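J.: just to be clear, the model below is a prediction. Sequence and coordinates:
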Amino acid sequence: MGARVVQLNAQLLRRRRTLFLAATTAGVVVAASAASVALTSGRRAPAPGPPDMRPAPGEIAVAHHPTLVDGARWEVKTYRNGEGKLCAVEVVPGEGEGGTCFDESRMFAKSPVVPYVGSRQDPALPAQWSAEWIWGFAAAEIDRIDLVFTDCSDKTLPLDGSRLFFDVEGPAVLHSRRWPLELVGYDRSGAALARIDVELGAPPTPEARAAGIAAPTPAVGCS
């Protein structure tokens, strides 16, 4: 039985994998339990030292989009730290929590949709992903967030009053080879203002390589 691999992709831009148990990269703090963790980021390395993830005195964390999958609760929590910055923490059942704090004045400087994507395996199935989760923030001009799959089907993700969206896909999707492909953010007129690739690669395990597992080929004409 192989060890489970957990992959946290911080604002997915390029795919570089580094294995660790607990680390800080690109302003993201990850706490993991009993698992190897990989963080993927396209940002430049941050200044030394992690962001202050401690809530400000008296601050109460708010849970967003609590979701039960196979009896386990997933969610994203937000709060303000002592500097007044907005902090967001993803809660991954059985693994731990990971989060970052934002400079809201620059949060949407590159895109009106800021996504974070993670994936993990069942320890008994080291050649396959068994869960993928996607969350993030949308700017005020974004009215709807759609998740598009490799078979060109799509689903609209819930977007709450804090402009935070969230989704978890389990084995029923990932083992069917119908994987998430991209996030599309639309304005009220239906125009697409942002398209962001969230496609997974194969798990970085010997079992996946031996089985020749690769990401499903997207259907032609999804965009």
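T.: Noted; the coordinates are in hand.
J.: please make it C-alpha for all contacts and neighbour counts, starting now.
T.: Fine.
J.: list the contacts for Val173?
T.: Neighbour list for Val173: Trp179 [criterion: Cα atoms under 8 Å, 6 or more residues apart in numbering].
J.: the bottom helix or strand of the chain by mean pLDDT?
T.: Every helix and strand of the chain was ranked by mean pLDDT, DSSP states H and E. The lowest is strand 19-20, at a mean of 23.
J.: contacting residues for Ser176?
T.: Counting by Cα under 8 Å, 6+ apart, Ser176 has no contacts.
J.: and it, helix, strand or coil?
T.: State at Ser176, reduced to three classes by DSSP: H, G, I helix; E, B strand; the rest coil: coil.
J.: and Val173, by the same measure?
T.: Put simply, Val173 is helix when judged by three-state DSSP.
J.: against Gln128, how distant is it?
T.: Distance of Val173 to Gln128, computed by Cα to Cα, to the nearest Å: 12 Å.
J.: now Ala88
T.: Relative to Gln128, and taking Cα to Cα, Ala88 is found at 28 Å.
J.: same check on Gly58?
T.: Distance from Gly58 to Gln128, by Cα to Cα: 43 Å.
J.: same question for Trp74.
T.: Distance from Trp74 to Gln128, by Cα to Cα: 21 Å.
J.: and the two? Which one has more around it.
T.: Shown here are Trp74 and Gln128; by other Cα atoms under 10 Å, Gln128 has more neighbours (24 against 20).
J.: just say helix, strand or coil for the more buried one.
T.: Gln128 ends up coil, using three-state DSSP.
J.: quick one: contacts for it?
T.: Under the criterion of Cα under 8 Å, 6+ apart, the contact list for Gln128 reads 121-122, 174-175, 202-203, 208, 213.
J.: any chance of those residues in CSV, with pLDDT and secondary structure too?
T.: Compiled in CSV, the contacts of Gln128 are given as follows (pLDDT from 0 to 100; DSSP: H, G, I helix; E, B strand; the rest coil):
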residue, pLDDT, secondary structure
Gln121, 89, coil
Asp122, 88, coil
Leu174, 90, helix
His175, 89, coil
Ala202, 87, coil
Pro203, 89, coil
Ala208, 90, helix
Ile213, 85, coil
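J.: these into TSV, with extra columns for neighbour count and distance to Gly98?
T.: Formatted as TSV, the contacts of Gln128 follow (neighbours: other Cα atoms under 10 Å; distance: Cα to Cα, whole Å):
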residue	neighbour count	distance to Gly98
Gln121	21	17
Asp122	18	19
Leu174	19	23
His175	13	25
Ala202	16	23
Pro203	22	20
Ala208	17	26
Ile213	16	28
